[in-house]
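Enquirer: could you look at this predicted model? Sequence included:
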Amino acid sequence: MQAVLYYVHDPMCSWCWAFGKVRGELLQQLPASLKVQRLLGGLAADTDEPMPPEMIAYVKSNWKAIENRLPHLRFNYDFWEICQPRRSTWPACRAVIAAREQGSQYDRIMTRAIQQAYYQQARNPSLNATLIALAQETGLDSQRFSQDLVSRSTAEVLLREISETRKLKARSFPGLALKTAEGLHHIPVDYQSAEPMRVQILALLKQREVP
């Protein structure tokens, strides 16, 4: 079987944003023949309820932890004053799927747009209005995107990807898992350097070549 590297993420996961630079470096250093499959894990289901204070404190603490670990990253804390946060990431996940319908490259483009809107521009990606505006800003057909965003098929795709994520036993995001004929191998995420992940992945791929 062909080896597959699964990348499990959520566009509103702050640690996924923190992993962006190193993840890009890692993918550039891996063999072009290795299939990479992006999967949306869906951190938080749909809700119209405001985010509870304890959850706000938890998310803020993650932002601070990332800034301490990766000083080149900074969050815009105006979000908490300007927006009414909701613990709901499924709309943003569906936005990535809807964008993907207009070209596979828009999976990454929309994910990045959502991250920038959330973490740097103090805009709320839990709202469909924000997501539609981002679609227009990224050059998508916003009318088609608006329809796909709320379609039944898009919702079903998200549920399938969440199910596949659970089968991979990806319990935290971002997650990396290499599937080979020998089985499933979870790759510990390193936010500082691509090298440890590259070495482990190449070693596992080399094992497949040993008769």
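Expert: Yep, it's here.

Enquirer: can I assume residue 166 sits in a helix?
Expert: Yes. According to DSSP: H, G, I helix; E, B strand; the rest coil, residue 166 belongs to a helix.

Enquirer: sec struct for residue 156, please.
Expert: Using three-state DSSP, the structure places residue 156 in helix.

Enquirer: one more: residue 6?
Expert: Remark: residue 6 carries the secondary structure label strand [criterion: three-state DSSP].

Enquirer: from residue 154, how far out is it?
Expert: Distance, residue 6 to residue 154, using Cβ to Cβ, to the nearest Å: 21 Å. Where you see a C-beta, it was placed from the backbone N, CA and C, and this is true even at glycine.

Enquirer: which SS class is residue 74?
Expert: Following three-state DSSP, residue 74 is assigned to coil.

Enquirer: could I get the pLDDT score of the residue lying closest to it once chain neighbours are set aside?
Expert: The shortest distance from residue 74 to any non-neighbouring residue, by Cβ to Cβ, 6 or more residues apart in numbering, is to residue 67 (6.3 Å). pLDDT, residue 67: 98.

Enquirer: could you pull up the residues touching residue 67?
Expert: Residue 67 sits next to 73-75 when contact means Cβ atoms under 8 Å, 6 or more residues apart in numbering.

Enquirer: just the buried members of those?
Expert: Using 16 or more other Cβ atoms under 10 Å as the burial test, the contacts of residue 67 include 73, 75 as buried.

Enquirer: and the residue nearest to residue 74, how far is that from residue 147?
Expert: Using Cβ to Cβ, residue 67 is found at 38 Å from residue 147.

Enquirer: with residue 108 instead?
Expert: Applying Cβ to Cβ to residue 108 and residue 147 gives a distance of 22 Å.

Enquirer: and for residue 59?
Expert: Using Cβ to Cβ, residue 59 is found at 31 Å from residue 147.

Enquirer: still on that earlier bit, just say helix, strand or coil for the residue nearest to residue 74.
Expert: Residue 67 is classified as helix under three-state DSSP.

Enquirer: give the contact list for residue 78.
Expert: residue 122.

Enquirer: so what's residue 178 closest to, chain neighbours aside?
Expert: Among residues not flanking residue 178 along the chain, residue 185 sits closest, at 4.6 Å (Cβ to Cβ, 6+ apart).
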